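J.: Generate coordinates for the sequence data below:
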Amino acid sequence: MPSINAVELTQALVRLHSVNPPGNESACAQLVGNLLEDAGFDVGYHSFGPGRVNVVARIGECSELHRPLCLTGHLDTVPIGAADWSVDPFGGEIVDGLLYGRGASDMKSGVAAMVAAAMSAAASLREAPGLLLVLTAGEETGCEGASHLANLDGVLGTAGAIVVGEPTGNRLRLGHKGALWLMATCQGRAAHGSMPDLGINAIYRGATVIGKLRDFGFNRAPHAELGGPTLNVGTVRGGANVNSVPDRAEIGIDIRTVPGMAHDRIIEDLRRYLAPDLHSLDQVLDLESVWTSPHDPLMRRWAGRVDAPPDDVCLGLPFFTDASILKPAFGGIPTLILGPGETHMAHQTDEYCRVERIGEAAAIYLDLIADWQDQARHASAQVSA
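T.: This next block holds a predicted model:
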């Protein structure tokens, strides 16, 4: 059965440009897809645009009683940024135990560790419940690839639990906040800048809206592990030239939510709160929060298997993942987030992943796969008895 070194695969993936935008994840998709196919997986490629390719690979005979474990990660990265790097951002160089490059932590190391673990386990996965890998394009710009897969009839199939390989330094994380991005628009009336009394300044209206947003309260108690919801004004655009009264201003709003918050209710509340200066409030991105109880039997068992500190296992993440799409698509199944990358290195200049973490992650994934198969065999024996 073929195998792959997870560190070398991480380097190979880092050397393939998949910066999003524009994405162009096809080369990464083909690389991992070929490896999984050689290992005996049934591999499907699902495109949602030129060069935008998702990989869905499965092995084993799943059933309603024995559903597969799903491993998932994304193939795209954010841009390298304007600052100079001290290393080649697409070189995959290893220096003093650190593997450098865009995507090294977020999250090509996680994808590589998952593929390596899946290939190592392939020979034992031909019987139920098997394994499902969902490797997506377009996660960084709003989970586009995962959304595309979720909307394709029968492509994802079924799963019993999800492991997301986002960067956690191989610590267990049980969820993350949701993301609600909105665009607020204020309207005015154009006039010559020397005669502002003849116009209505949309930027002034926008300034009033921004002031209100700064003081907006969600009137909600913090989540025990994820904390409270947040609101940030991230962009402001208005006016075409300095000597005209602007007739339009746009304000980009980034809201991060916690479980139990209804996004449509937040939008309704904001529309009332920002009146009369607000002209329109449009939804740009809507991703629900993700949370699995630390008391879930599977999470308790897995926490013990990876030696997670008792005071650390419940912590969540501030950023969103494809689990916002995949967890509901699979019916709200237990979801664990664990990957070799360093959380604080995501999107950073001189991004790196600790080399030792990549092998550790592959070993953890392999152990979780084995545990999933063992539990299925135990359940089958009980049914037969």
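J.: In contact with residue 162, which residues?
T.: Contact analysis of residue 162 by CB atoms under 8 Å, 6 or more residues apart in numbering lists 70-72, 323, 326-327, 330, 333-336. Quick note: C-beta positions are derived from backbone N, CA and C, even for glycine.
J.: and what of residue 63?
T.: Applying CB under 8 Å, 6+ apart, the residues contacting residue 63 are 128-129.
J.: what about it, is that helix, strand or coil?
T.: Look at residue 63: counting by DSSP: H, G, I helix; E, B strand; the rest coil, its state is coil.
J.: Likewise for residue 254?
T.: Three-state assignment for residue 254 (three-state DSSP): strand.
J.: if I read this right, it contacts residue 179, doesn't it?
T.: Yes - using CB atoms under 8 Å, residue 254 is in contact with residue 179, at 7.3 Å.
J.: Of the two, which one has the most company?
T.: Between residue 254 and residue 179, residue 179 has the larger neighbour count (other CB atoms under 10 Å), namely 22 against 16.
J.: so where does that one fall, helix or strand?
T.: strand 178-187 (DSSP states H and E).
J.: try residue 48
T.: Judged by DSSP H and E, residue 48 forms part of strand 42-49.
J.: Could you export the next helix or strand after that strand as CSV, CA atoms only?
T.: Once strand 42-49 ends, the next helix or strand along the chain (criterion: DSSP H and E) is strand 52-59. These are the backbone C-alpha positions of strand 52-59, laid out as CSV (Å, rounded to 0.1, in the frame of the first residue of the first chain):
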residue,chain,number,x,y,z
ARG,A,52,-11.6,25.9,-8.4
VAL,A,53,-11.6,22.2,-7.5
ASN,A,54,-12.9,20.3,-4.4
VAL,A,55,-11.8,16.7,-3.7
VAL,A,56,-14.1,14.2,-2.1
ALA,A,57,-12.5,10.8,-1.5
ARG,A,58,-14.0,7.8,0.2
ILE,A,59,-13.2,4.2,1.1
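J.: Which parts of the stretch 201-350 of the chain are strands?
T.: 230-238, 244-245, 248-257, 280-287, 290-291, 335-337 (DSSP state E, counting those that start in this stretch).
J.: Can you lay out those as CSV showing mean pLDDT and distance to residue 152?
T.: Shown next, in CSV, are the strands of the stretch 201-350 of the chain (pLDDT from 0 to 100; distance: least, CB to CB, whole Å):
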stretch, mean pLDDT, distance to residue 152
strand 230-238, 97, 32
strand 244-245, 98, 48
strand 248-257, 98, 27
strand 280-287, 97, 19
strand 290-291, 96, 21
strand 335-337, 97, 21
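J.: In CSV, list those along with distance to residue 12.
T.: Output for the strands of the stretch 201-350 of the chain, formatted as CSV (distance: least, CB to CB, whole Å):
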stretch, distance to residue 12
strand 230-238, 34
strand 244-245, 53
strand 248-257, 34
strand 280-287, 30
strand 290-291, 30
strand 335-337, 24
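J.: Residue 349 is nearest to which of these?
T.: With respect to residue 349, and counting by CB to CB, the nearest of the strands of the stretch 201-350 of the chain is strand 230-238 at 20.0 Å.
J.: buried residues in stretch 280-296?
T.: Across stretch 280-296, burial judged by 16 or more other CB atoms under 10 Å covers 281, 285-292, 294, 296.
J.: Residue 356 against residue 97, yeah?
T.: Yes - with contact defined as CB under 8 Å, residue 356 counts as touching residue 97 (6.7 Å).
J.: neighbour-wise, which of these two wins?
T.: residue 356 (13 against 10).
J.: Which pLDDT value goes with the more buried one?
T.: With respect to pLDDT, residue 356 scores 98.
J.: in the helix or strand harbouring it, what's buried?
T.: Assigned by DSSP H and E, residue 356 falls within helix 355-384. Of the residues in helix 355-384, 355, 357-358, 360-366, 368-369, 372-373, 375-376 count as buried by neighbour count, 16+ other CB under 10 Å.
J.: And that helix, what does it pack against?
T.: Here helix 355-384 touches helix 6-14, strand 69-74, strand 98-100, helix 109-121, strand 161-164, helix 297-305, going by 3 or more CB pairs under 8 Å, 6 or more residues apart in numbering; DSSP states H and E.
J.: so can I have JSON lines of the ones you listed showing mean pLDDT and distance to residue 345?
T.: Shown next, in JSON lines, are these (pLDDT from 0 to 100; distance: least, CB to CB, whole Å):
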{"stretch": "helix 6-14", "mean pLDDT": "98", "distance to residue 345": "13"}
{"stretch": "strand 69-74", "mean pLDDT": "98", "distance to residue 345": "16"}
{"stretch": "strand 98-100", "mean pLDDT": "98", "distance to residue 345": "10"}
{"stretch": "helix 109-121", "mean pLDDT": "98", "distance to residue 345": "10"}
{"stretch": "strand 161-164", "mean pLDDT": "98", "distance to residue 345": "17"}
{"stretch": "helix 297-305", "mean pLDDT": "91", "distance to residue 345": "24"}
